Structures are given as C-alpha cells and as structure tokens.
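Enquirer: Below are the sequence and a predicted model for it; my questions follow.
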Amino acid sequence: MEHIALPRSFKVSVAVIICLTVIVFSLLGKSIRDRSEDAIEEIGTAYMAGMNEQVSLHFETIIDLRLTMAESIAHIAAGDGSSGYGSREEIEYGARARHFLCAALYSSDGEIEMIFGDPVALNHPETFLESLKDGERRAASAAGSSGDGVILFGVPCEYPMSDGEQSLAIVVGLSTKYMGKVLFLDSDSSLSYSFVIRKDGSYVVGEEDGVHDNYFDRLYSLFGDGEGGAAPYVEALKAAMDANEDHSIILKNGGSRRHLYCTALPYCEWYLVTVLPFDRLDHTISGMSSHWLTSVYVASFAVIAMLLYIFRQYLKLFRGQVSELKRMNEEMDAARSAAEKAQKEAEHANMAKQKFLSSMSHDIRTPMNAIIGMTSLAIDNARDPEQVQDYLHKIELSSKHLLGLINDVLDISKIESGKMTLNIAPVSLREVMDSIVNIIQPQVEAKDQRFDTDLYEILSEDVYCDHVRLDQVLINLLGNAVKFTPERGSVQLAVYQEALPEDTARVRTHFLVRDTGIGMSEEYQKRIFESFSREDNARVQRTEGSGLGMAITKRIVDAMDGAISVRSEQGKGSEFHVVLDLKKAEPARGLPSAGEAAESESDVALQGKRILLAEDNELNWEVARELLSVLELELDRAENGKVCVARFEGSPVGHYDAIIMDVRMPVMDGYEATAVIRGLEREDADIPIIAMTADAFSEDIQRCLECGMDDHLAKPIDVQAVASKLKKYLKHRQHA
C-alpha cells in the first residue's frame, strides 16, 4: 500500500493544537493553584475572626466570673459590719469552696501574705499593684514555689495583716493549666491553637512543654532570625501590642503558611494569640486541584489522540468537549455554592450560639436576684431567727428554680432543637403562685411597681405538670412585664380554670400576665416568638435581653400541648394568655414538712442505722454528714470506691444497712465498686446501694441501674429524698 503523507496543513494544525493545549492548561493549572491559595486565606481569615472572638469572649466571661468569686471572698473577709472581720478560716473555706488553689493578702507595698496554699511571686507586679491602688479588679500571672504557673485574681479589700497594717487587696489563684483547659486553649480537636502572652512575648497560658519560654523565641525558631525571617513578624506584632490594636498576618516559611491573629484581653495586660496552620487545608485543596488537573490533562490528551485518528469527526468531538466542560463548570458552580452555603450556615450557627449564651442571663438573673436579695436581708436580720427562716425558705425556692434553668443550659442541644423532656408530677397551683411571687417580688419592689395576683374559679388546685417548665414560662412572661413597665406601673398575674366536657379527667387552666408597660407594635407581635427577635425602638434596645426568652416560652408551651397568644397596644401595655389542658391530681393533704418527715422516718426506720457513704470530696462529705445528722444515722465514710469495697468486705455480715455511693471517684469509681460488691460471695451482697451524684441526666441514671445500684439521688442533697429512699429499701429488705 502506497504510503500517503499527511498534509502539511494537518501536521501544523495538530502541532498548534498540542501547543495551545499545553499552554492553556498550564495557565489554567497556575490559575487554579493561585485561586486555591486565595480561597484558603479567605477561609482562614473568616475562621480566625470568629474563633478569636469566641475565645476572647469566653476568656472575658471566665475572668469576670472568677473576679466576682474573688469579690465574694472579699465580702467574707470584710465581715457583716457588726461582728468585725471574717476569720482567716472563713476566707480559706470560701476560697476552697470555689476551687481556688491559694488565697493571700496583698499590701500596698506589694507584699504577699499567704492565707493558705503554696507561696506565689508575681511575674510583673508593678501594673497589678497600681491597678489595685486605683480600686480596679485585676488579673495577673505568678509563679508558685514549685515553679508552676498561677493566675492571680485581685480585688480591693482591707483586712488586718500580720504586721498590723491593713491589706490593699485580697488575691486568689488558679493554675495556668486549669485556665488553659477552661479556655479551650489545649484542645486537640481544633484546627487552630492559641496562647496567652505578655507584651514581651512571655507565656501566661500555653506552651508548657519547656521548649520555649517566650513566644517570640518560638517564632525565631520556626522562621529563623536572618533576612526574611521572623524579625518583621515580631516587630509588627510588638507594634500592634503597643498601639493596643488587633493584629492579623499570614506567616510564610517556605511552602508552609500560618495565619496569626492577636487581640488584647480585658482585666489584664495580656494578649490572645491564635494561630491557624494552613497545611491541612493546603493539602486537601491542593489534592483536589491536582486530581482535577490530572483528569483534565488526560481528557485533553485523549482528545488529541482521537484527533490523530479521526480528524474528520472533529466537529462531533468538539461538541462533546464543550458539553463536558459545561458539565464540569456546572459541578464547580454547584460545589462553590454548597461551600458558600455551608460557610454561611456555620457562621449563623456560631452567631446563634453566642446570642443564646448571652440571652440565658435574662432567664438566670431573675431567680439570682431573689437569692442575692434574700441573702442580704437574712444577713441584715441575723438576730431574728423567724425572719431569717422565712428568707431562707424563699432562697430555697429560688435556688430550686435556678437549678432547673442550669440543667436546661447544660442540655443545650435539646433546647436548640426544640426537643424537651417534660417531668410530669403532681403540682399545686397555689405553691406555683407562691414561688413565682417570691421570685418576682424583689424586681417589682425595685421599680416601685404594683404587683397583683389573682387565683379564682379553681376546679382542681392540684394538677399534673412540669413544675420547672411552668415556672420558667411564667417567670419569662412576668420578667418581661416588669422589665418593660415603667416605675409605679402595674403588673398582674391571674389564674383561672374551666371544665372540659369532652375530658373530665382534665381541666383547662388559663394564665394571664398583664402589664401597663410600653406595649408592642402589631408588626412585632407577629414575630415575637421567633428566636432572637426584638422590637426596633430605643426603649427596647436599652433594655437587657437577647430575644430568646419568648421563643423558649413558646417551645415549652407547645411541648405541653398548650397555646400562647399576645395582645398589646403601644403605650398602654400587653397581655399574654397561656392555655394548658392539665390532668387533675389528687390533693396532697396533711403532708408533713421536710423536718417533720425526716424526724418521723428517723424514729420509725432510720435511727441508728449504719450507712457506708462513699464520697471522695472532703467538703461534700462534711455537707452530707451535717445534713443527714437530722436522721440520726451512723455514717462511715469511704474516700473512694476501693476503700468502700474494702470496708464492706471487712465488715461482719449485716453490719451495714445500706451504701450511699458517689459515682466519680479516684482509684475506683462508683460503677466499678458496685459491680465488685455485687460479685462478693456474702449473704448481704444484695445490700441496698443508692447513687448520690451530680450526674443527673437520664443516661446517668440508667447506667447506675445497669451496674447493679438500686436507685439514684441527684445532688444537691435533699434530706427528705434521702430519707424516703433509705426507708423504702430498708423496709423492702426487712420484708425480704
């Protein structure tokens, strides 16, 4: 066969196509790499801004909380004004109860006189001393006698020192390791890592592995000290610190890049430095780019090979290639849109979480005000036992409500998703009203308002309901009524019932909350129950709150299969109407008080009974011993699960009547100790074992029962509940 040479024009066309293909895809590859780097930096910047703000706000909250605790210890030191200063033992007790490592007096000369704990020495005492002299609260770093880092919290307080002089302040301390944990600076799960440093680069929290004592030294070790090394980064960081400005910069070292973000922290002269390495993002996105480019090059060379054999079909191949490129572009657009949507959702979730945490102060502050107010009144009337008893009763009511709210906060995921577990139990509507009045009354009196309650047409005073959730709904509504009603205004709570002919076992209960406050616009009434909604006017914006209270209230009412509505007129006031169909309960008549019940049970079943109590915390043991003394039990303490097993195994059969078991203990926890006891070959291996722990979620209770315990009690200790559980199982054991 005669060899037919390819036309020159064909060869030129193929060569041009190959050259153009190589050039185009090379430029495309470079463009993709550049865009990948830009995308990484943009994502890193957005992530760092949000992350740093979150850690900074968390730091401010933790420091403010600890300074507030220090102020409460200062109040203990100052005494009640009539009996002189508080004793050093009281100061130590208060500090240990708040989990501080040490406490000391601080003189105007900068001398530290320890009350308890290892001696400490301030690292930079000058600024700390000047701030305390100016009457400010301040945090500072120090070193313990063992060389471990300590964070000191100082508040002004005058107290006699051993040399006869008055102290300038009282200081308490926590370890820097503990602060690193509560500030999440030692988290291994985060993409970034953070340090707290001073202006000179020395560490306050973080980098405790001993490799570097100074963050600037760390930068020099990473980037070198020669030309183009760490020096420009360090100088820029120092300049931002001196100017008290936030600082953001990309650190580059060969092929490695890091995003550094620095911001000043409150209550101190420290700075939060957060670093995000780009290596993981670089690797992931570069891998995606390489895979895409490889696919494109393979496809292009396949097209060229096909052109060499079937050039006549170039139009068909061209159309196929155009279609393929269009599909790929659509996929890239879809992937980009999905990434942008995911980023927006993440930012929205982060913002919602921050707003949620701040808004919970609205719900927690109400019972807290009642507790603080009644505590102050109890202190002022310490010589009037009857009045003090009344105040303590009201403190107890508010404390129980506050405990319920804290449990809600700890179960954030359920609240945010709207999934709530209702604890239905018999409730007295009169007791609900009394509890609400005790909590709201101090706020009403503070604004010189009139507060009326009305309970009428009650068909069944006792109903089945979730007491804590009902309290939460009414306190949210009344709290808002008080907050948005001016001084000398009026707030009213009314409760009435009506029969349900279709269901005689239930009763329709109406709760009306009225006020003469500023009212709401018709437009805002349509979205009042949306999360984070607040009316846009000057008065509302000046009032504390995040707009989450009404959303939570609506979810609770919905979970109770109820309804809530609102009527309001601007300048005249508002009325909220809650309707719940509640099951009737038998009246709880003739119930003894907690003290009488405990005394009765002690005489009948508990007096002289030997109880083995496993509790590792000394303070918790003292509290339990004192609270349970009213039951006249004979209590033996075991410091951990192993000691508990040893004491039970070494005792005669039947020596102990029951075991009260903590769960979280060193050496051997309560679960393991219970399993060992149940496995002993003794006649009394089935001794009643009751868990008494702060782990109070349903899954914790289930685990206690699965490991062999008979029942569960949640801390704080309720004497009547302890007596009831012991009596129940001791009677069962006697009958068996």
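Expert: That came in fine, so what should we check first?
Enquirer: Helices along the stretch 401-550 of the chain, start to end?
Expert: 412-417, 429-446, 467-483, 522-525, 538-541, 549-559 (DSSP state H, counting those that start in this stretch).
Enquirer: packing partners for the longest one?
Expert: To tie it back to what came earlier, the one meant is helix 429-446. helix 314-380, helix 385-410, strand 450-456, helix 467-483, strand 490-499 (3 or more CB pairs under 8 Å, 6 or more residues apart in numbering; DSSP states H and E). Any C-beta I mention is one placed from the backbone N, CA and C, and that applies to glycine too.
Enquirer: Mind doing that once more with 10 Å?
Expert: Counting contacts by 3 or more CB pairs under 10 Å, 6 or more residues apart in numbering; DSSP states H and E, helix 429-446 packs against helix 314-380, helix 385-410, strand 450-456, strand 462-465, helix 467-483, strand 490-499, strand 506-515.
Enquirer: quick check: mean pLDDT across it?
Expert: Throughout helix 429-446, pLDDT has a mean value of 90.
Enquirer: Let me know the angle separating it from helix 467-483.
Expert: With axes from the mean of the first three to the mean of the last three CA atoms, to 10 degrees applied, the angle from helix 429-446 to helix 467-483 works out at 30 degrees.
Enquirer: any idea of the angle helix 429-446 forms with strand 506-515?
Expert: 10 degrees.
Enquirer: What distance do you get for Val473 to Glu575?
Expert: Distance, Val473 to Glu575, using CB to CB, to the nearest Å: 15 Å.
Enquirer: which other helices and strands contact whichever strand or helix holds Leu276?
Expert: Per DSSP states H and E, Leu276 falls inside strand 271-277. With contacts defined as 3+ CB pairs under 10 Å, 6+ apart, strand 271-277 has these neighbours: helix 8-78, strand 193-197, strand 203-205, helix 215-223, helix 231-242, strand 247-253, strand 256-264.
Enquirer: mind checking which of those is nearest Ile689?
Expert: When the helices and strands packed on strand 271-277 are compared by CB to CB, helix 8-78 sits nearest Ile689, at 35.3 Å.
Enquirer: contacting residues around the helix or strand that that closest one is followed by?
Expert: Per DSSP H and E, the first helix or strand lying C-terminal to helix 8-78 is helix 88-97. Residues from elsewhere that reach helix 88-97, judged by CB atoms under 10 Å, 6 or more residues apart in numbering: 69-70, 72-77, 79, 85-87, 100-105, 115-117, 157, 159-160, 170, 172-173, 618-619.
Enquirer: what lines up beside whichever helix or strand Leu152 is part of in the sheet?
Expert: Assigned by DSSP H and E, Leu152 belongs to strand 149-156. Here strand 149-156 has these sheet partners by DSSP bridges: strand 138-144 (antiparallel), strand 169-175 (antiparallel).
Enquirer: Check which residues of it are buried.
Expert: 149-156 (16 or more other CB atoms under 10 Å).
Enquirer: got it, and stretch 194-212?
Expert: For stretch 194-212, using 16+ other CB under 10 Å, the buried residues are 194-198, 201-207, 212.
Enquirer: and the end-to-end length of it?
Expert: Terminal residues of stretch 194-212 are spaced 15 Å apart (CA to CA, to the nearest Å).
Enquirer: How far away from the center of its chain is that stretch?
Expert: Mean-position distance between stretch 194-212 and its chain equals 26 Å (CA atoms, centre = their mean, to the nearest Å).
Enquirer: pLDDT below threshold where in the stretch 551-700 of the chain?
Expert: Low-confidence segments of the stretch 551-700 of the chain (pLDDT under 70): 588-605, 696-698.
Enquirer: just the helices in it please.
Expert: Under DSSP H, counting those that start in this stretch, the stretch 551-700 of the chain gives helices at 594-601, 618-628, 641-650, 670-678, 698-706.
Enquirer: out of Val473 and Glu575, which sits in the busier spot?
Expert: Val473 (26 against 17; other CB atoms under 10 Å).
Enquirer: related to what we said a few turns ago, of the helices of the stretch 401-550 of the chain, flag the one that's most buried.
Expert: helix 467-483 (a mean of 23; mean count of other CB atoms under 10 Å).
Enquirer: Output that one as CSV - backbone C-alpha positions only.
Expert: In CSV, the C-alpha atoms belonging to helix 467-483 read as follows (Å, rounded to 0.1, in the frame of the first residue of the first chain):
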residue,chain,number,x,y,z
HIS,A,467,-43.2,22.4,87.7
VAL,A,468,-39.9,23.8,86.5
ARG,A,469,-41.1,24.4,82.9
LEU,A,470,-44.3,26.1,84.1
ASP,A,471,-42.2,28.3,86.5
GLN,A,472,-39.9,29.1,83.5
VAL,A,473,-42.9,30.2,81.3
LEU,A,474,-44.4,32.4,84.0
ILE,A,475,-41.1,33.9,85.1
ASN,A,476,-40.2,34.7,81.5
LEU,A,477,-43.6,36.5,80.9
LEU,A,478,-43.5,38.3,84.3
GLY,A,479,-39.9,39.2,84.0
ASN,A,480,-40.5,40.9,80.6
ALA,A,481,-43.6,42.6,82.1
VAL,A,482,-41.6,44.1,84.9
LYS,A,483,-38.7,45.0,82.6
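Enquirer: Leu582 versus Leu500, what's the distance?
Expert: 10 Å.
Enquirer: Touching both of these two, which residues are there?
Expert: 506-508.
Enquirer: What about those, which one has the most neighbours?
Expert: Busiest of the shared contacts of Leu500 and Leu582 [other CB under 10 Å] is Val507, holding 20 neighbours.
Enquirer: Surely that one is in contact with Val495?
Expert: No. Contact status for Val507 versus Val495: not in contact, 11.5 Å apart, counting by CB atoms under 10 Å.
Enquirer: Need the overlap of contacts for those two.
Expert: Joint contacts of Val507 and Val495 (CB under 10 Å, 6+ apart) are 458, 461.
Enquirer: ok, now how distant is the closest residue to Ala563 other than its chain neighbours from Glu42?
Expert: Distances taken as CB to CB, 6 or more residues apart in numbering place Val579 nearest to Ala563, at 4.9 Å, with adjacent residues excluded. According to CB to CB, Val579 stands 51 Å off from Glu42.
Enquirer: contacting residues for Leu705?
Expert: Taking CB under 10 Å, 6+ apart, one finds 691, 711-712 in contact with Leu705.
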